Structures are given as C-alpha cells and as structure tokens.
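Asks: sequence plus predicted model, see below.
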Amino acid sequence: MAEPSALPRLSAASDGAPRPGGLRPGIVHLGLGNFHRAHQAVYTRAALDASRAGRAGEECWGIIGVANRSAAVPDAMHAQDLLYTVVEIAPEGQRFSVPGVHTDAFTAAGEPERVVASIGASGTRIVSLTVTENGYYYSPRTGHLVVDDPAIRRDVSDTARPATPIGQIARGLQSRARSHGEPITVLSCDNLADNGHHTERLVREFAGLLPEAEAAELLAFIADRVTFPSTMVDRIVPATTDHYRRLVADRLGYVDDVPVPAEPFSMWVLEDRFAAGRPAWEAGGAVFSDEVSRYEELKVRLLNGTHSLIAYLGALSGAATIPESVRRAPIEAAARAVLRDEYRPSVTAPRGVDLDAYEEDLFTRWRNTALGHRTSQVGSDGSLKLRQRIPVPALAALDAGRMPHFLALTAAAYLACLAPLPGFDPGPHASAMVDPARGALAQAAERSSSPVDLARRVLGEQHLLGEELAGRDAFIERTGELLDVIRAHGAPAAAAEAGAAHHHTA
C-alpha cells in the first residue's frame, strides 16, 4: 500500500466522486455522525441519481450537516470538497461509494446562530435529526422535556444561540414563523418509540416555556405549517478507525480522513407526512408505510433488545465485538431465546414481513465478522435504551404468569457492566461503555449489600425500567439472582441458569 502522504486527498476530481453542480440545500441535518452519513445521505444520493434518470426536481435536496461540538468531521469534509467514502463491509468483500450530497458542514457549538438561520431559511424544507436518545433532553421516566435542565433553561432565555437540538429546532421554527411562514418537516431518525410524535411533544413543551405571546405564535405555526413524521431506521454503522482509512487508501488510491464503515443491510421506513415535499428516497429502497409503529417494535425489541443482551453478555465474557460474542454458544442460545420467547410475542409483524426470516437475517448481520461492531458501542446508553425495550414484553409475560428470565438476564448483565459491585471487575469492554446514569449507578452499587439489593435500588427505587416494572418484585428479585450468578460464576453461567429456568417453566 502506498503511504497516505504520497496519495492525493479525496476531492471532487477523484475517480468515482460526484461532480459538483447545481445541488442546493433543502435539508438541515442535526447530528453529523457516522449513522447519518451512511444512511440518510446514501438514500438521498439514490434520490439524486433517480432525478438524473428522469425524476426532476431533486437538485434542491442537498444537506447541510450540523455536528454538535466536535469539528473533526466538518473540518475533514471541507478539506475533501464535502465528500467522504462509505465502505460497505461483508465477509465476502467490500463495496465503496461516495454519496456527495452535503452542501455544507459546521458545528452547532461554534456557530449556534447559523443553526437557527439554516433551519429558518426559506429554502430549507426538512430538518432531520440523529442526535441519539440523550440529545432530546427528555426524562425517560415521564417522556417529557426536562424543563429544569440548565441547557434547556439557557435555550429558553437565549433567543439566538440555542445549544440543544430541541431548542435549535424551536428557535428555527420561530424564525420561519416571523419571516416567511414557509412549511417544514421535522424528521427524527433516532431510536425512540413513535419518534415523530415524541419530537413534536418536546418541541411544543419547549415552546410552552417561552413568554406567552411568543409561545402562542410558535405553537400556532407548528399546528399549521409543521409535520413530524415517525420513522424507523436500521443499519449497523461502527466507528471509523485507521483500518478503514488504510483500506480506502489501498483500494481507492486517495486519502479520506472520515470514511464510514457500514454493513450492507439498510432499512428506512417512514410515514409519508411531509409539509414541504421530500426527496424520492424510495429510489434507494426506503419504505413509506402506515405501519411504522409495527416496524419500530421489530427494530426496538427483536433487533435492539436482543442486540443489547449480546453486547452485555459478550463484554462480560471478554468479547470485544458482537460477532465474537454471538458465536459463543451460551450467548447465542440466550439471544435466540429472548428474541423468540420473550420479545417476539409482544410484536405484530407488518404486512409482508416473515418473522422467522427476519430472525435469521438478524443473526446473519450479527455474525458479520468483517464489520467488527464493538460490544462497548452497542452497550452504551443502556439507561435510555432498555426502558424502551424491556418493559412492555416483560410486563406482558408477568401478567400471563410467566417469568421472562432472559429479559431479567438483560437487566442483570447491564447492571454487571455499568454498576459493578465492590470486588467485581466487569472487564475493559464493559468499562468502556458510556452511560449518562453511570454516576448514579456507581453510587447505588457502593451502597448495596448484595446483588438483589442493587436490583431493588436501581429497578425499584430509581425506576430504571419504568414505574410499572418498579412494582414487580418477582422480576426485580430474579434480576438480582442472575446478577449474583454473573458475579460469582460469570456471564455464560448466568445465561445457562436463565435457560434452565426458562425450560423448566415453559
């Protein structure tokens, strides 16, 4: 391989790169991370290509990408004519593409006024988000905006320089209402149940914190001129590493500082409720459906819920990646059991979806050894994610007189990773997980006299999995028992114990 310093940098002149010419911004995207760049951007490229094949009008759907704080991606993209490479990774080989759909990129922290101006511009017709669950500043317990959060309070008082995504959207909509009144769509692409209505509620709650006249003006504009479709997004997109930079340099002959690795699979399901038009994303395979909620259930429970169990058990077993974790027999057995017997009864398949085939597709994706999705990445932010995945199926099983042993195992493995009791070392992969509740969980672990006591404190008193499960003592006790097995004998032993109990009661 040639030394990167001897190679040219990716640019509009590179072979295979889209040539600039006529693309105008129509979308402002908050959250310029790998997922957006390997998902929505790729679908938008397909829409642009379809327009060149006979579908007119797509040239107005360029994307202004807004990173939150780090300038690393915007700076690298500007040095590369706003281009980057998507590397689709499969065991049989790689496929490379350059979406080339961004018309600008900057950071919200560096130019907060520009975020408001971009959303407020008359040419902007969609503002979309991939800011993770933590970026919505809502309480997992209530589902409502955390109105006393210092960042939200600052955004309420500072008209021009909002720092939170909800504040940025609200102030951008306010700018539109006061200037030209053009309609716009707010499109959440984050893993939140009913994410469209969820985002609308939070924006409305922010508006309600403003002075009375401002609130009335903004709420009226939202009611008349703004839509919030719900979506389901699905693609495994690991972090960028030097391995992928070297791969691009070796195979394509140019330097790309910010390539994005991704699995071949990609899915996007959307409600077709757009106030000011949309790209022809169906050209890239996007599905417009009135069953988004059913697709969400499949994703959040069967995929994400099972994925969490694989990540926590794998991290505790020393597995750095999801493929390494799922090929361990006790972990695969636990994953199949939680998916089939505890998550699957709680979902209704959308029309035309075969759940058996869906399950096998999931395990094929998780076994993609070329991708190397890290257990520490999948296991991060569990305090926000698990509340959306575990409660409904767990409560359904408990109400039917069944103990959901593998859902309890998921909660136990999460606690073992994020709230290790004194004397227990969960290993480096668990220690690398990021979670906004880690501090509170550590305090609970220090004060707990036993694994069951810890489960009572976190699930019962702190309502980690919601208020309803907080009152289910049997589930909390079972979580504590399995946590004790993890601490004493390891994660595979706990998976075997959950399996034995499951088969005994099935």
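Replies: It's in.
Asks: may I have the longest helix along the chain as PDB, with CA atoms only?
Replies: Longest helix in the chain, counting residues (DSSP state H): helix 473-489. What follows is helix 473-489, C-alpha atoms only, in PDB (Å, rounded to 0.1, in the frame of the first residue of the first chain):
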ATOM      1  CA  ASP A 473     -40.900  -7.600  43.000                       C
ATOM      2  CA  ALA A 474     -40.600 -11.000  41.400                       C
ATOM      3  CA  PHE A 475     -38.900  -9.600  38.300                       C
ATOM      4  CA  ILE A 476     -36.500  -7.400  40.400                       C
ATOM      5  CA  GLU A 477     -35.600 -10.400  42.600                       C
ATOM      6  CA  ARG A 478     -34.900 -12.500  39.500                       C
ATOM      7  CA  THR A 479     -32.700  -9.800  38.100                       C
ATOM      8  CA  GLY A 480     -30.800  -9.700  41.400                       C
ATOM      9  CA  GLU A 481     -30.400 -13.500  41.400                       C
ATOM     10  CA  LEU A 482     -29.000 -13.600  37.900                       C
ATOM     11  CA  LEU A 483     -26.700 -10.700  38.800                       C
ATOM     12  CA  ASP A 484     -25.400 -12.800  41.700                       C
ATOM     13  CA  VAL A 485     -24.700 -15.700  39.300                       C
ATOM     14  CA  ILE A 486     -22.800 -13.300  36.900                       C
ATOM     15  CA  ARG A 487     -20.700 -12.000  39.800                       C
ATOM     16  CA  ALA A 488     -19.900 -15.500  41.200                       C
ATOM     17  CA  HIS A 489     -19.700 -17.700  38.100                       C
END
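Asks: pull the residues that contact that helix.
Replies: Applying Cβ atoms under 8 Å, 6 or more residues apart in numbering, the contact partners of helix 473-489 are 316, 394, 398, 403-405, 407-409, 411-413, 415-416, 421, 424, 450-456, 459-460, 469-470, 493-494, 497-498. Every C-beta, even on glycine, is put in place using the N, C-alpha and C of the backbone.
Asks: switch to 7 Å and redo it
Replies: Here helix 473-489 makes contact (Cβ atoms under 7 Å, 6 or more residues apart in numbering) with 316, 394, 398, 403, 405, 408-409, 411-413, 415-416, 421, 424, 451-452, 454-456, 459-460, 469, 493-494, 497-498.
Asks: stretch 365-384 too?
Replies: Residues from elsewhere that reach stretch 365-384 (Cβ under 7 Å, 6+ apart): 89-91, 132-134, 140, 236, 238-239, 261, 263, 265, 307-308, 310-312, 314-315, 319-323, 325-327, 414, 417-418, 429, 432-437, 464.
Asks: buried sites along the longest helix of the chain?
Replies: Using 16 or more other Cβ atoms under 10 Å as the test for burial, helix 473-489 gives 475-487.
Asks: ok, stretch 79-93 next?
Replies: Judged by neighbour count using 16+ other Cβ under 10 Å, the buried positions of stretch 79-93 are Gln80, Asp81, Leu82, Leu83, Tyr84, Thr85, Val86, Val87, Glu88, Ile89.
Asks: got the contact list for the third one?
Replies: Okay, so that is Leu82. Contacts for Leu82 (Cβ under 7 Å, 6+ apart) come out as His102, Ala105.
Asks: buried only: go through the contacts of stretch 365-384 for me.
Replies: 89, 132-134, 140, 236, 238, 261, 263, 307-308, 310-312, 314-315, 319-323, 325-326, 414, 417-418, 429, 432-433, 435, 437, 464.
Asks: so which of these sit within helices?
Replies: The members of the buried ones among the contacts of stretch 365-384 that map onto helices under DSSP H are 307-308, 310-312, 314-315, 322-323, 325-326, 414, 417-418, 429.
Asks: ok, the nearest residue to Ala67 once chain neighbours are set aside - contacts?
Replies: Spatial nearest neighbour of Ala67, excluding adjacent residues (Cβ to Cβ, 6 or more residues apart in numbering): Leu32 at 4.1 Å. Leu32 makes contacts with Gly65, Val66, Ala67, Val73, Pro74, Ala105, as judged by Cβ under 7 Å, 6+ apart.
Asks: ranking by neighbours, what's the top pick from the residues you listed?
Replies: The most crowded member of the contacts of Leu32, judged by other Cβ atoms under 10 Å, is Val66 (27 neighbours).
Asks: distance between the helix or strand hosting that one and the chain's centre?
Replies: Using DSSP states H and E, Val66 sits in strand 62-67. On the basis of Cα atoms, centre = their mean, to the nearest Å, strand 62-67 sits 18 Å off its chain's mean C-alpha point.
Asks: give me the average confidence score over the helix or strand that that strand is followed by.
Replies: Using DSSP H and E, the helix or strand that follows strand 62-67 in sequence is helix 72-79. Averaging the model's pLDDT scores along helix 72-79 yields 98.
Asks: what packs against helix 72-79?
Replies: Taking 3 or more Cβ pairs under 7 Å, 6 or more residues apart in numbering; DSSP states H and E as contact, the helices and strands that helix 72-79 lies on are strand 102-107.
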